[in-house]
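Engineer: when you get a sec, could you give me coordinates for this:
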Amino acid sequence: MTSEAATVDERGRKASRRYAETQNLRGAELAQQGKISEAIAQFQTAIAVAPDFAPAHCNLADALALQGNIDDAKAHYRRALAIDPNFAPARQGLERLSKD
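Structural biologist: Predicted coordinates for the structure are as follows:
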């Protein structure tokens, strides 16, 4: 890969990450408004664009747990922890669900 192609590739990754962050924030806003199904769609979009974005996995897990979808919630908490083993919100969420 040429240095120009590498630069273009890096810009694309950064743009995708920013888009994922925006979708994640929109999802969080929707979740705070009680629009859980809509929030889930935003978190899923964020993950589709940036599969290694731990906060989106964690937020999706929170929303899924609110809907009673505990198994999928645990899976997304685990995915967030696989991406970032020190991501406290995911660890706390998984521990909370494991106690129930």
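Engineer: and stretch 88-100, how far from the chain's centre?
Structural biologist: When C-alpha coordinates are averaged (C-alpha atoms, centre = their mean, to the nearest Å), stretch 88-100 and its chain have centres 15 Å apart.
Engineer: separation between I36 and A65?
Structural biologist: Remark: distance between I36 and A65 (C-beta to C-beta, to the nearest Å) = 10 Å. Every C-beta, even on glycine, is put in place using the N, C-alpha and C of the backbone.
Engineer: next: L81.
Structural biologist: Remark: distance between L81 and A65 (C-beta to C-beta) = 15 Å.
Engineer: quick one: the helices in this structure?
Structural biologist: Listed in chain order, the helices of the chain (DSSP state H) span 3-32, 36-49, 54-66, 70-83, 88-99.
Engineer: okay if I get the ones you listed as CSV plus mean neighbour count?
Structural biologist: As requested, those are exported to CSV (neighbours: other C-beta atoms under 10 Å):
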stretch, mean neighbour count
helix 3-32, 14
helix 36-49, 19
helix 54-66, 24
helix 70-83, 18
helix 88-99, 15
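Engineer: CSV for those helices, including mean pLDDT?
Structural biologist: Putting those into CSV (pLDDT from 0 to 100) gives the following:
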stretch, mean pLDDT
helix 3-32, 80
helix 36-49, 97
helix 54-66, 98
helix 70-83, 98
helix 88-99, 96
